[in-house]
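Colleague: Mind folding the following:
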Amino acid sequence: MSELTLAISEKIIKAALAHGQSLGLKPLTVAVLDAGGHLVALMRQDGSSILRPQIATGKAYGAIATGAGSRWLDANAASRPHFVQALNGVAGGGMVPVPGGVLIRAAEGGAILGAVGITGDTSDNDEACAIAGIAATGLAADPG
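Modeller: Numbers count the residues shown, from 1 in each chain. Next up is the predicted model:
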């Protein structure tokens, strides 16, 4: 597979939301971006707060922009805060450098197809749901 389709993106979202429901998490918002950083699909559960779409998109965008899951960005924000601040400045403030942005990689070859960003619960729970959503499609998840 060389591209992320709407059908695959919807399957990722539905599986991620189902995983969150099975864990009893707070309302989630899920964004799926293609390899170029363009939004393919976004869904928010009832009760999600108003900035959740921007946060979910920012987590996924940061992963695409750096070629690493947002867990990598989070670690670098702690160890190299000036670098991450500068990087986010170059990105127009569009990156959210906390776990929950997970690269979607091809199962064979590992090419980056896009990224999932999830927000609504703890960053670790958001990331777990993103990984579950990606796994449901047979693609590889790379949280960074």
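Colleague: could you dump the longest helix along the chain to CSV, C-alpha only?
Modeller: Ranked by number of residues, the top helix in the chain under DSSP state H is helix 6-23. Extracted in CSV, the C-alpha atoms of helix 6-23 (Å, rounded to 0.1, in the frame of the first residue of the first chain):
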residue,chain,number,x,y,z
LEU,A,6,-10.4,7.6,3.5
ALA,A,7,-11.7,4.1,4.1
ILE,A,8,-8.5,3.1,5.9
SER,A,9,-8.5,6.3,7.9
GLU,A,10,-12.1,5.7,9.0
LYS,A,11,-11.2,2.2,10.1
ILE,A,12,-8.3,3.6,12.2
ILE,A,13,-10.6,6.1,13.8
LYS,A,14,-13.4,3.6,14.6
ALA,A,15,-10.9,1.1,16.1
ALA,A,16,-9.2,3.8,18.1
LEU,A,17,-12.5,5.1,19.5
ALA,A,18,-13.6,1.5,20.3
HIS,A,19,-10.4,0.9,22.2
GLY,A,20,-10.9,4.1,24.2
GLN,A,21,-14.5,3.1,25.0
SER,A,22,-13.3,-0.4,26.1
LEU,A,23,-10.9,1.3,28.6
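Colleague: for whatever helix or strand comes next after it, packing partners?
Modeller: Next in sequence after helix 6-23, counting helices and strands by DSSP states H and E, comes strand 29-34. Here strand 29-34 touches helix 6-23, strand 39-44, helix 52-66, strand 112-119, helix 123-135, going by 3 or more C-beta pairs under 8 Å, 6 or more residues apart in numbering; DSSP states H and E. Where C-beta positions appear, they are placed from N, C-alpha and C, glycine not excepted.
Colleague: That's all I had, so thanks and see you.
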